[in-house]
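>>> dropping a prediction and its sequence here:
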Amino acid sequence: MGENHFSRELRLLTPTHFEYVFSNAIPSVSPQLTLLARKNDKLAPRLGITISKKRVKRAHDRNRLKRIIRESFRLQRQVLPNVDIVVVGKSGLDKLSNQELFSLLNKLWKKLSQRCA
RNA sequence: GGAGUUGGCCAGGCAAUCGUCGCUUAUCGGGCAUUCGUGUGUUGAUAAGGGGAGGAAAGUCCGGGCUCCAUAGGGCAGGGUGCCAGGUAAUGCCUGGGCGGCGAGAGCCGACGACAAGUGCAGCAGAGAGCAGACCGCCUGUUGGUUAUUCGUAACCAAUCGGUAAGGGUGAAAGGGUGCGGUAAGAGCGCACCGCGCAGCUGGCAACAGUUUGUGGCAAGGUAAACUCCACCCGGAGCAAGACCAAAUAGGAUCCCGUAUGGCGUGGCCCACGUUGGGAUCGGGUGUGUUGCUUGAGCCAGUGAGUGAUUGCUGGCCUAGAUGAAUGAUUGCCCAAGACAGAACCCGGCUUAUCGGCCAACUCCGACU
RNA sequence: GCGGACGUCGUAUAGUGGUAAUACCUUAGCCUUCCAAGCUAAAGCUGCGAGUUCGAUUCUCGCCGUCCGCU
């Protein structure tokens, strides 16, 4: 297995996982995105994404945003501590270009790893 | 060459690196089940191979398949469709035809049955709006007045009893059109032509068309996306349907109602059919399990039938199946510079969004031969 | 994914084919020393696009938006 893989162990899969994060989270906020994190007992960080239909209307855009968030997480995974992260999309998220979203996420990952360290 | 109409097709490409979801094969390791054992099944990791969104995947507006309720049966209610014929699993779709409208043409558009069955509706304006109606006007008569007079009356004015649908005016709409006759003035009152209805005949499966036929006699005004009538169609719910596994809408406790001409069984009511209690609360326990899930009214090619939609036969092909949900990111090159946009049970249509490009057939205009 | 309901002044609601109504709000005036209350007046709406009709908020169709229910 390569170093930058992204398999099912690295995702939040069930509502109980999400509840765990929401109940006691360390935030990292920007106008378009909110990141919530909480330390887990695993050996790697895990990612969950919520973007509601109300915030981003088109399925096509929701898929695009989720792909880019996953891709960014995959590339920055080695830098992150062992935490569960939930990415919450907000209104206006679909206005960002791919480049803008990547740089925004990089900032937020760094902020999170500082706070959780 | 320009302008246009119709039908069909494509939906950026290539390379490198990293990554994602199924499938197949191989290797490795562990657990479980089974076996005396080899082994087999299941599961995990790695590697390789091959596959992985659309023409609209969208809206959910129709029609079906499939599943459960009864094998979905009868009636009422309700809803839908609406020129004719054909196609289809079926349709509100498609094809061909008819009729009407638009266009110079190729072509395009049309909820296009019935108001000479019944009931209703039409504000304001206007005299009158429904087996109509007299405001102005036109005309006969009567009465009164004035003028003229051949003393019989005549003309004009006013009032009034009537007649009249030609003209004016109102309105979205005022009960055929033109001409001649006719009349006090008029009028389908009569006649001619045109238009219209009904019947016959001819052509056509039919819608409908034609008619040098007969007849009516000018009505039967408009409106059915008003009720309604006529013809045809429709049982309800939806994969969060449903099925399987485990104790699993279970089993248990308490209370209330009911005890059969009753209750329940899925979505209006009655019948019929099936079944035999129903409801509330408490307590306990528990899945984001497996399946349904992709081979299908499937696609491609050839050929036969048909004007066509479509369909018969033969051969070939397998082309997403996720379940917090997969096609992406970065870089480089090329060009016509990339729009709208992401499957969630599956098909057939319709509608809506959409950068551009290609092909075929046809129409009109111009030039040349 | 499936099913259902609703769009009328800034807000909450009426309106069954003929000039779109009511209350609060807003603005102006009167009243008051001033404010509030009260009185008077004004302004401001049928989600969008087609169709039927003489005429559409109303009837029909298509879009757009909002809300609700079903693991």
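The structure has been received and is ready for your questions. Residues are numbered from 1 along each chain as shown, chains lettered A, B, ... in the order given.

>>> any idea of the pLDDT on A:Asn4?
With respect to pLDDT, A:Asn4 scores 69.

>>> give the next helix or strand downstream of whichever strand or helix holds A:Arg64.
Assigning secondary structure by DSSP states H and E places A:Arg64 in helix A:59-76. Downstream of helix A:59-76, the first helix or strand assigned by DSSP H and E is strand A:83-89.

>>> neighbours around A:Trp109, how many?
22 (other Cβ atoms under 10 Å). The way it works is simple: take the backbone N, C-alpha and C, and place the C-beta from them, glycine included.

>>> name the SS class of it, please.
Following DSSP: H, G, I helix; E, B strand; the rest coil, the label given to A:Trp109 is helix.

>>> so A:Lys57 lies in a helix, does it not?
No - going by three-state DSSP, the assignment for A:Lys57 is coil, not a helix.

>>> with adjacent residues omitted, what lies nearest to it?
A:Asp94 (7.6 Å; Cβ to Cβ, 6 or more residues apart in numbering).

>>> which helix or strand in chain A has the lowest average pLDDT?
In chain A, the helix or strand scored least confidently by mean pLDDT, DSSP states H and E is helix A:15-23, which has a mean of 74.
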